[in-house]
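1. Provided below are the primary sequence and the corresponding predicted coordinates.
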Amino acid sequence: MEIKYFLYFLIGGVIVSVVTYFASQAKSLMAAFIANLPVITLITFLTIYFESGQKAVVLYAEGLIIMLFPWLAYISAVIFLTHRLGFIPSLVIGISLYLLIAYLIISMKKF
């Protein structure tokens with residue numbers, strides 16, 4: 001196993017830990033800010049660039065934009081359904097929405 005993959009794993013774990021810490025301290029805006037920092041995307045862009053070049057980075061970035069729509073459906077379901085149905089059901093519905101919309105987008109993209 002290459003050391004770089006271990007480093008990627010560690011960086012991701014540190015970010016999740018920091019976000020969890022701030023969220024558990026009732027600092028949700030700071031947690032959201034850290035979670036949305038483009039650190040993971042930056043690292044991903046760099047690794048894709050060094051492995052496959054510029055064209056692969058652009059294709060990946062385009063995919064991120066397209067997959068923003070299923071992600072927004074997921075987040076919206078959690079926000080709007082948690083108070084009505086509870087946290088776990090809203091997560092299940094949100095992830096189901098994400099998977100359904102992503103599947104539809106990927107299916108349409110093939111044509």
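-> Yes, it's here.

2. dump the residue contacts of the residue nearest the centre of the chain.
-> Per CA atoms, centre = their mean, the C-alpha nearest to the average position across the chain is that of W71, at 7.6 Å. Applying CB atoms under 8 Å, 6 or more residues apart in numbering to W71 gives the contacts Y98. For every residue, glycine as well, the C-beta is placed using N, CA and C.

3. confidence score at it?
-> pLDDT recorded at W71 is 94.

4. gap between it and L7?
-> 26 Å (CB to CB, to the nearest Å).

5. got the residue ranges for the helices in this structure?
-> Counting by DSSP state H, one finds helices in the chain at the ranges 3-24, 28-36, 39-52, 54-66, 68-85, 87-109.

6. which secondary structure elements does the second one contact?
-> So the one you mean is helix 28-36. Contact here means 3 or more CB pairs under 8 Å, 6 or more residues apart in numbering; DSSP states H and E; on that basis helix 28-36 packs against helix 3-24.

7. Could you measure from V58 over to I65?
-> Distance of V58 to I65, computed by CB to CB: 11 Å.

8. of those two, who's got more company?
-> V58 (13 against 8; other CB atoms under 10 Å).

9. Spit out the contact partners of that one.
-> Applying CB under 8 Å, 6+ apart, no residues qualify as near V58.

10. Quick check: pLDDT value at it.
-> 96.

11. quick check: domain ranges of the protein?
-> Using automatic domain parsing, the domain parsing of the chain gives 1-53, 67-111.

12. Quick one: mean pLDDT for the longest one?
-> Taken as a whole, domain 1-53 carries a mean pLDDT of 83.
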